[in-house]
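Participant: below are the sequence and a predicted model for it; my questions follow.
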Amino acid sequence: MRYEGKLYRALNPIYAREPLSGRGAELHGGRFNPKGVPALYCSLSVMTALREATQVGNLQPTTLVCYDAEIERVFDSREEAALADEAMDAAALGDATWRDQMKASGEARTQSFARRLIAAGYHGLMIRSFAPAASLDDLNLVLWKWGDAAPCRLTLIDDESRLSR
């Protein structure tokens, strides 16, 4: 699928001056990116971004950013047949033990899934939010490739250059 529209992220202020880096995910790994692979975990709504930021406790200091996006190759995980073709299912995507899997074997099943999608040329993954109180309408877009031009254009909205001050 193709995604065009706004995306939102609730950033740890440590990374606020580099909202396009993907460095935190690269250093620590995420549910859908192994360590060493940069990723931007974005949400399709502000409220979903805030839910994502409070998954493991109280809301901590956060920098909320917005992007304009045009991403050509997005794997839509809501398509059950496409998931089955990749030997995945909804339960495996939402498995809360992904961190334990990563510690035990070096890479969680969802990270291996992401690695296969990246190798197949996907720029990102459309995935429902697994944050507490999220509904099926709360969606995230995990990006593995982005830049300032097609086919995976991502532009930070910062008209007043607030993040560079």
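Facilitator: In hand now; what should we look at?

Participant: on the three-state scheme, residue 95 is what?
Facilitator: Following DSSP: H, G, I helix; E, B strand; the rest coil, the label given to residue 95 is coil.

Participant: cool, residue 57 as well?
Facilitator: Residue 57 - assigned by three-state DSSP - is coil.

Participant: what about it, neighbour count?
Facilitator: By the measure other Cβ atoms under 10 Å, the count of residues near residue 57 is 6. In this view, the C-beta of every residue, glycine as well, is placed from N, C-alpha and C.

Participant: could you report the pLDDT at it?
Facilitator: You'll see residue 57 listed with a pLDDT of 78.

Participant: now do the contacts for it.
Facilitator: Residue 57 sits next to no residue when contact means Cβ atoms under 8 Å, 6 or more residues apart in numbering.

Participant: correct me, but residue 144 touches residue 121?
Facilitator: No: using Cβ atoms under 8 Å, residue 144 makes no contact with residue 121, being 10.3 Å away.

Participant: quick one, strands of this structure?
Facilitator: Using DSSP state E, the strands of the chain run over 3-11, 40-43, 63-71, 74-76, 124-128, 139-143, 152-156.

Participant: is it true that residue 154 touches residue 6?
Facilitator: No: between residue 154 and residue 6 there is no contact under Cβ under 8 Å: 10.9 Å.

Participant: show me whatever sits in contact with both of those two.
Facilitator: Joint contacts of residue 154 and residue 6 (Cβ under 8 Å, 6+ apart) are 67, 68, 69.

Participant: from those, list the buried ones, please.
Facilitator: By neighbour count, with 16 or more other Cβ atoms under 10 Å, these hold 67, 69 as buried.

Participant: using a markdown table, please lay out the shared contacts of residue 154 and residue 6 together with pLDDT and distance to residue 38.
Facilitator: What follows is the shared contacts of residue 154 and residue 6, written out as a markdown table (pLDDT from 0 to 100; distance: Cβ to Cβ, whole Å):
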| residue | pLDDT | distance to residue 38 |
| --- | --- | --- |
| 67 | 98 | 15 |
| 68 | 98 | 20 |
| 69 | 98 | 16 |
